[in-house]
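Peer 1: what follows is a predicted structure for the sequence shown.
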Amino acid sequence: MPSTFSGLYICLRAMQAQQLSLETYAHNIANAETDGFSRQRAVLETTPPWPMPSINSSGMVGQVGTGVDVARIERLRDAYLDVQIRKEKGILGEWTIKQDTLEQIEIIFQEPTETGLNSLLTQFWDSWLQLSMNSEGTSSAVRTTVVETASSLCDALRHTKMQLGALSEDMDNIIKIKVDQVNSIAEQIDALNNQIKTLKTAGFEPNDLMDQRDLLLDELAGVIDFKFQENDDGTIDVNFFNTETGIYDSPLVDGAGGSFNTLKIQDDSAVLVKGSGEQTEEIEITVSRGELKGLFNSKEMLDQYKEDLETFVANLITEVNAQHTQGYDIDGEPGQSFFWGEPAADFIEVNPNIKSDVSKIAAASAPDGGPGDGSNALAVSRLREKGFDDDYRNLISRLGVDTNESRRMKENQEALVGQLGERKESISGVSIDEELAHMIECQHSYQAAARFLNTMDQLLDTLINRTAM
């Protein structure tokens with residue numbers, strides 16, 4: 001049969017449990033603004049009642065409760081929601097990189113502006129048209145205008161190509177930074193794995209350390225896609241998609257083995273390096289989401305725009321030179337190549353001989369056409385009808401469409417990630433008002449237990465000191 005002191009013991013345990021709950025609520029309030037913190041709860045469970053079933057059990061009716069214990073302190077978190085958020089964060093990171101890259105390309109082309117290539121092209125063709133109508137004179141202003149507008153066009157094309165190349169180099173550097181970030185996160189997760197495993201083995205719940213690890217997983221998800229698995233000892237394995245096997249079996253972090261590997265970029269492919277020293281193995285992995293995926297795709301888009309620009313310039317040089325060499329200058333000499341150098345945006349420039357002597361512009365169609373013959377200049381101006389302007393406008397239009405799509409997709413992903421974040425916050429976030437309400441409940445429970453102790457003290461005083469022998 002329970003003694004009188006059982007009630008005292010029950011109340012003391014209840015007060016201890018409420019005190020631990022209060023400390024947990026205080027910890028939540030202190031970390032209300034801590035990034036990645038998940039609110040915690042002390043899980044209370046009733047202790048086994050008395051008497052326990054046995055052959056020698058007493059014949060008393062029913063069982064008497066023996067109080068409460070704190071079974072554990074748990075994090076309030078939805079694992080499935082975490083997976084959803086990380087997936088959508090990866091897609092958001094990909095579209096963010098694409099939008100940033102395309103907007104930078106738009107700035108490079110500067111369309112539509114007066115300094116854009118489209119405007120310079122129009123001025124270039126118009127100058128030839130003006131020359132066809134005013135070709136007399138060895139040093140006429142209109143001939144000088146042709147050379148100057150052509151030089152401006154060449155300068156703009158070279159500058160555009162140079163800026164696109166610089167952007168490509170910047171993206172290579174960003175890729176290296178992102179790879180270093182992935183490797184740094186892997187090292188930190190491995191360190192947290194070891195700490196969590198040690199505490200789990202000792203019987204503790206390292207909730208704050210697991211919050212830190214989840215925050216690292218959220219950061220990693222924005223850079224590259226992965227799958228993770230939690231082990232019985234509290235550690236996690238983080239795996240990449242193996243291109244050869246077609247499954248997520250390439251470990252960036254091997255929680256069970258207590259090690260981590262290294263990511264690197266090799267020949268524009270992502271490679272996971274397992275082991276160290278001479279005992280290494282390189283595994284090609286597939287990146288399907290995240291900022292790295294966005295960088296890879298953006299580099300492909302950038303290369304395509306560079307290739308389109310090169311094609312446009314090569315065609316421009318070839319066609320203009322072909323037509324110009326069919327004409328004759330003021331002295332009746334055959335026309336030279338108007339553009340000098342290789343047919344590429346890096347090297348395009350006006351023929352130095354023509355720049356130094358504008359009379360060498362082959363505006364005439366015949367050697368005896370005379371100063372007033374501008375028929376070849378007219379033929380050059382009509383080259384625009386071959387679709388040069390259209391080809392360039394199509395390039396710019398495609399750039400605009402791609403940029404608008406990336407902007408729209410980014411906005412959609414931001415809205416989706418925001419909604420998922422709100423759902424997560426409703427589960428894992430700390431509400432000061434809610435925590436204060438729980439603290440008041442604990443306070444009342446603590447006071448009730450204290451009142452019971454006071455009542456028991458009075459009963460014992462009556463039993464011991466005031467009962468007549």
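Peer 2: Nice, thanks for sending it over.
Peer 1: what about residue 73, which SS state?
Peer 2: Three-state assignment for residue 73 (DSSP: H, G, I helix; E, B strand; the rest coil): strand.
Peer 1: OK, contacts around it?
Peer 2: Neighbouring residues of residue 73 by CB atoms under 8 Å, 6 or more residues apart in numbering: 20, 24, 40-43, 205, 207. C-beta coordinates here come from the backbone N, C-alpha and C atoms, glycine included.
Peer 1: out of those, which end up buried?
Peer 2: 24, 40, 42, 205, 207 (16 or more other CB atoms under 10 Å).
Peer 1: nearest residue to the last one in space, ignoring adjacent ones along the chain?
Peer 2: Spelled out, that is residue 207. residue 75 (4.9 Å; CB to CB, 6 or more residues apart in numbering).
Peer 1: how near is that neighbour to residue 42?
Peer 2: 12 Å (CB to CB, to the nearest Å).
Peer 1: next: residue 311.
Peer 2: 69 Å.
Peer 1: circling back to that earlier point, show me the buried ones among the contacts of residue 73 that map onto helices.
Peer 2: 24, 207 (DSSP state H).
Peer 1: redo the buried ones among the contacts of residue 73 as JSON lines? Include distance to residue 188 and pLDDT.
Peer 2: As requested, the buried ones among the contacts of residue 73 are exported to JSON lines (distance: CB to CB, whole Å; pLDDT from 0 to 100):
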{"residue": "24", "distance to residue 188": "26", "pLDDT": "94"}
{"residue": "40", "distance to residue 188": "22", "pLDDT": "96"}
{"residue": "42", "distance to residue 188": "29", "pLDDT": "93"}
{"residue": "205", "distance to residue 188": "20", "pLDDT": "91"}
{"residue": "207", "distance to residue 188": "17", "pLDDT": "96"}
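Peer 1: and of the buried ones among the contacts of residue 73, the nearest to residue 231?
Peer 2: Residue 231 has its nearest neighbour among those in residue 205, at 15.7 Å by CB to CB.
Peer 1: ok, that closest one - contacts?
Peer 2: Taking CB under 8 Å, 6+ apart as the test, what residue 205 contacts is 72-74, 199.
Peer 1: any idea how far it is from residue 70?
Peer 2: 11 Å.
Peer 1: shared neighbours, these two?
Peer 2: With CB under 8 Å, 6+ apart, residue 205 and residue 70 have no common neighbours.
Peer 1: tell me which element residue 45 falls in.
Peer 2: strand 40-46 (DSSP states H and E).
Peer 1: quick one: strands adjacent to that strand?
Peer 2: strand 68-75 (antiparallel) (DSSP bridges).
Peer 1: count of residues packed around residue 97?
Peer 2: 24 (other CB atoms under 10 Å).
Peer 1: nearest to residue 132, of the contacts of residue 73?
Peer 2: residue 207 (81.3 Å).
Peer 1: contacting residues for the closest one?
Peer 2: By CB under 8 Å, 6+ apart, the neighbours of residue 207 are 38, 40, 73-75.
Peer 1: how about those residues, which pair is most distant?
Peer 2: Largest pairwise distance in those, by CB to CB, is 11.4 Å, between 38 and 73.
Peer 1: need the contact list for residue 161.
Peer 2: Counting by CB under 8 Å, 6+ apart, residue 161 has contacts 306, 309-310, 344-346.
Peer 1: any chance of those residues in JSON lines, with secondary structure, distance to residue 150 and pLDDT too?
Peer 2: Formatted as JSON lines, the contacts of residue 161 follow (DSSP: H, G, I helix; E, B strand; the rest coil; distance: CB to CB, whole Å; pLDDT from 0 to 100):
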{"residue": "306", "secondary structure": "helix", "distance to residue 150": "22", "pLDDT": "93"}
{"residue": "309", "secondary structure": "helix", "distance to residue 150": "17", "pLDDT": "91"}
{"residue": "310", "secondary structure": "helix", "distance to residue 150": "19", "pLDDT": "91"}
{"residue": "344", "secondary structure": "coil", "distance to residue 150": "16", "pLDDT": "78"}
{"residue": "345", "secondary structure": "coil", "distance to residue 150": "14", "pLDDT": "76"}
{"residue": "346", "secondary structure": "coil", "distance to residue 150": "17", "pLDDT": "82"}
